[in-house]
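J.: Fold the following and give me the result.
(one chain, ligands or ions: 2)
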Amino acid sequence: MLTVRAPATSANLGSGFDVFGAALERPADVVRLTKSDRTTIEVTGAGSQFIPEDPEKNTVGAVAEALDAPAHIRIDKGVRPASGLGSSAASAAAAAVGLNALYDRGYTREELVPIAAKGEAVVSGDAHDDNVAPSIMGGFTIATDSGVTQIDADIPLVACLPDIVVSTRDARRVVPEHARVEQLIETVGNAATLTTGMHRDDPSLVGRGMHDTVVTPARAKLIDGYETVREAALDAGATGVTISGAGPTVIAACEDRHQKAIASAMLDAFGERGVDARAYQTRIGRGAQLF
Ligand SMILES: Nc1ncnc2c1ncn2[C@@H]1O[C@H](COP(=O)(O)OP(=O)(O)O)[C@@H](O)[C@H]1O
Ligand SMILES: N[C@@H](CCOP(=O)(O)O)C(=O)O
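T.: Numbers count the residues shown, from 1 in each chain. Ligands and ions are numbered 1, 2, ... in the order given. All right, here's what the predicted structure looks like:
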């Protein structure tokens, strides 16, 4: 039997829609794998009642199929589904890393990214790599059709998850089909600023580079209280705030000394709207670990 811990991730980071992703130090899924004649799945933990155990409907089933590696897969969810924290991707990443080792398939971590993304296609209708890449490789990742670029960054973050459900599939439907050339120019500038900030471990550049006027405003409407929570986090010292993945988690970049105050400001702001939430004081962390 093999055990894998695969982290939650925050995709997009504002200016990097479907491209940027960051592994979070916590929360994480823990997945146990045992070789078997056919794939069977058991799910416990956060939101497990909403996660199918049918291999055709669970992200790990598609990964086992792609690797031709049937197994009994026990998933202990640390990452609630439909959170914007790469919940479905964390399980897929864990299955890819674990089954590759269990069956000695010999793929590199980068080669496992498109394999794990097949699991994402099962739930979101699209094989986007921006969650599975950081969950497998750790750090900050830039996932494009030509491959994944990875940077080991260290940036403090607050990920505030409200008691609202936003499915990635639904949130992809509100993404605008067109953007103006001015928005393209602004996005390139912000994405380059954010990437430089990751390279320098500079929360101020990362926060500034999170700004996005294309996808985020359309999705903010799906998150009750988004603007209030964003302003509260900025007032408490956040260097930048945006939607994590497809939402509803709101993510803030910051310096260590402001992290606690930002977490409570975000919780209070959701609370004032009558929305329960939990805040993870976290940071960019490592990729899936095998035990
Ligand atoms: N192993 C899994 N972990 C989490 N969700 C899963 C898994 N397999 C299938 N799902 C389904 O995926 C959907 C959640 O995925 P998604 O909306 O992408 O959430 P998140 O934003 O947290 O990644 C839910 O409908 C859930 O039932
Ligand atoms: N790029 C995707 C990322 C979805 O992330 P999730 O954590 O919400 O699954 C998107 O924005 O649709």
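J.: Okay, now the sheet partners of whichever strand or helix holds residue 9, with direction.
T.: Using DSSP states H and E, residue 9 sits within strand 2-11. Sheet pairing for strand 2-11, assigned by DSSP bridges, gives strand 20-35 (antiparallel), strand 289-290 (antiparallel).
J.: For residue 190, give its distance to residue 180.
T.: In this view, residue 190 and residue 180 are 15 Å apart by CB to CB, to the nearest Å. For every residue, glycine as well, the C-beta is placed using N, CA and C.
J.: Of those two, which one has the most company?
T.: Shown here are residue 190 and residue 180; by other CB atoms under 10 Å, residue 190 has more neighbours (21 against 10).
J.: Which pLDDT does the model give the nearest residue to the more buried one once chain neighbours are set aside?
T.: Sequence neighbours aside, residue 15 is the residue nearest to residue 190 in space, at 3.8 Å (criterion: CB to CB, 6 or more residues apart in numbering). pLDDT for residue 15: 98.
J.: repeat for residue 127
T.: You'll see residue 127 listed with a pLDDT of 69.
J.: So which bits of the stretch 1-150 of the chain are right by ligand 2?
T.: Residues of the stretch 1-150 of the chain lying close to ligand 2 (CB under 6 Å from any ligand atom) are 11, 12, 18, 84, 85, 86, 128, 130, 131.
J.: quick one: which two of these are the most distant?
T.: 18 and 85 (16.4 Å; CB to CB).
J.: Specify which residue of those two has the higher count of neighbours.
T.: residue 85 (29 against 16).
J.: That one: what's its closest spatial neighbour, skipping adjacent residues?
T.: Of all residues not flanking residue 85 in the chain, residue 8 sits nearest, at 4.1 Å (CB to CB, 6+ apart).
J.: which residues touch the one you found?
T.: 23-24, 26-29, 78-79, 83, 85-87, 90, 135, 159 (CB atoms under 8 Å, 6 or more residues apart in numbering).
J.: same thing but at 6 Å, please
T.: 24, 27, 79, 85, 86, 90 (CB atoms under 6 Å, 6 or more residues apart in numbering).
J.: For the stretch 151-291 of the chain, which segments count as strands?
T.: Here the stretch 151-291 of the chain has its strands, by DSSP state E, counting those that start in this stretch, at 156-162, 240-243, 250-253, 277-283, 289-290.
J.: Out of those strands, the one nearest ligand 2 is which?
T.: Proximity to ligand 2 (CB to the nearest ligand atom) singles out strand 240-243 among the strands of the stretch 151-291 of the chain, at 8.1 Å.
J.: returning to that earlier point: can you pull the contacts of the residue nearest to residue 190?
T.: Listed by CB under 6 Å, 6+ apart, the contact set of residue 15 reads 187, 190, 191, 194, 209, 212.
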